[in-house]
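Student: Got a sequence here, can you build the structure:
(2 chains)
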Amino acid sequence: MPFPLWFFALDTGMEVIKTAISLAIGYFAFKSFKIMNERTLLYLHFSFVLLGSGLLIHTITMAYTLVSVLVSPPLVRLDVLLLRLGLLVFFFTEVAAYGLLAFVYASQTKSVAVEAAIVPPILTMLRYESSFEVLVIFILVYITYQTAVNYSTRRLTNSLLVVSSFTLLTVSHILFLFSSILVLLYPIADIVQLVGFVALLTMLLRVVRKK
Amino acid sequence: MTHKPARYRTPLRIYVDILRVIQREGGEAKPTRILYGANLSHDRLTRYIEQMKAKELLEEASGEEHVTYRITEKGVNLLREFAKVEEFMDAFGIPI
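Tutor: This is a model prediction of the structure:
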């Protein structure tokens, strides 16, 4: 492990927070779907529940690895394998979740060029983690663009929070991608991602607390 | 980026439009006010009013000369929840 054990514990803690935020947004989208019966809300629900589920699996494998290292060090091959499996599941769910969200945005517009731009990378999905990161970055850039367009027309605080969140999530994935070259970028990416999720939570709390 | 033309109003959206007109009028409104405010024909308004009365979203309040409709507690709650969902979707920029 390139980082001390305390960072691994901190990383797991941050993943727990991200999971909770994703599932909370998924829950609110489902609650809204029950009121409105709008399909887009159901897609939004599935998108965040997928993301939350992937994060949850990743968190569980991280926590398991952490506990097994603490109980009986050193790290054995099975622990690493489990950790990698959890990460792989997380990558798949992340691509599916952001892909679904991008689809929701694409279906709101007539822009065929954008839809066409999303499809090929999904079809040519590769096995390597860096390819997953590139794919996630690609989808997130599109979502960020759509949320930025929304903010530029509405100028609402909540829209600003959403565009900030997706910008931070995009930046975090770019940092994750380059962390294979410069390891120090990994904790920075992790914190940036957490701040992105917190921005989404702030938006959700502002909506829910409205009287 | 070209947006698709506006979709038709769902029954829930029409309920909300009716309730918003009544709320704007101070919680009670005449049918003609609702008709213009919610942009509905007389037949459709009558049909929706009946549905909303059955759902207890509004109630009839017969005055001395005219029939008026009053928003109920359930109607106020629906408007409140709808506003939250609208704000949530506006934050993402996804129209409902």
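
Student: pull the helix or strand with minimum mean pLDDT from the chain.
Tutor: Unless you meant another one, I'm taking chain A. helix A:112-123 (a mean of 46; mean pLDDT, DSSP states H and E).

Student: wrong one, I was asking about chain B
Tutor: Per mean pLDDT, DSSP H and E, strand B:58-62 ranks last in chain B, at a mean of 87.

Student: pLDDT wise, what is the residue of chain A positioned farthest from its centre at?
Tutor: Ranked by distance from the centre of chain A (Cα atoms, centre = their mean), the top residue is A:S72, with 31.7 Å. Looking at A:S72, its pLDDT stands at 73.

Student: Then A:M1?
Tutor: A:M1 is given a pLDDT of 47.

Student: Please apply the same query to A:G99.
Tutor: 93.

Student: Now it. Nearest residue, chain neighbours left out?
Tutor: Counting by Cβ to Cβ, 6 or more residues apart in numbering or on different chains, A:G99 lies nearest to A:I139, which is 5.7 Å off, once chain neighbours are set aside. All C-beta spots, glycine's among them, are computed from the backbone N, C-alpha and C.

Student: do A:G196 as well
Tutor: Here the residue nearest A:G196, using Cβ to Cβ, 6+ apart, is A:L168, at 3.3 Å.

Student: How many neighbouring residues does the one you found have?
Tutor: Counted with other Cβ atoms under 10 Å in any protein chain shown, residues neighbouring A:L168 total 22.

Student: so it is in which element?
Tutor: Assigned by DSSP states H and E, A:L168 belongs to helix A:157-178.

Student: where does chain A come near chain B, residue by residue?
Tutor: Applying Cβ under 8 Å from any Cβ of the partner chain, we find that chain A lies next to chain B at A:28-29, A:32, A:35-38, A:40-41, A:44, A:104-105, A:108-111, A:146-147, A:149-151, A:154, A:156, A:158-159, A:161-162, A:203-204, A:206-208, A:210-211.

Student: And the residues you listed, which of them are buried?
Tutor: For the residues of chain A next to chain B, a burial check counting by 16 or more other Cβ atoms under 10 Å in any protein chain shown picks out A:28-29, A:32, A:36, A:38, A:40-41, A:44, A:104-105, A:108, A:146-147, A:149-151, A:156, A:158-159, A:161-162, A:203-204, A:206-207.

Student: what's near enough to touch the residue of chain A found nearest chain B?
Tutor: Relative to chain B, the nearest point of chain A is A:N150 (2.5 Å; Cβ to the nearest Cβ). Applying Cβ atoms under 8 Å, 6 or more residues apart in numbering or on different chains, one finds that A:N150 lies in contact with A:159, A:162-163, B:90, B:92-93.

Student: just B:D17 next, same as before
Tutor: Contacts of B:D17 (Cβ under 8 Å, 6+ apart): B:9, B:37-39.

Student: Just give me the closest of those residues to A:Y186.
Tutor: When the contacts of B:D17 are ranked by distance to A:Y186 (Cβ to Cβ), B:R9 comes first, at 49.5 Å.

Student: Distance-wise, check the closest residue to that closest one other than its chain neighbours relative to chain A.
Tutor: In space, and not counting its chain neighbours, B:R9 is closest to B:D17: 7.2 Å by Cβ to Cβ, 6+ apart. B:D17 is 14 Å from chain A, where distance means Cβ to the nearest Cβ, to the nearest Å.

Student: Can you give me the pLDDT of B:D17?
Tutor: The model reports B:D17 with a pLDDT of 93.

Student: Secondary structure element holding it?
Tutor: Short version, using DSSP H and E: B:D17 is in helix B:11-24.

Student: got the buried residues for that helix?
Tutor: Neighbour counts over helix B:11-24 (16+ other Cβ under 10 Å) mark B:13-22 as buried.
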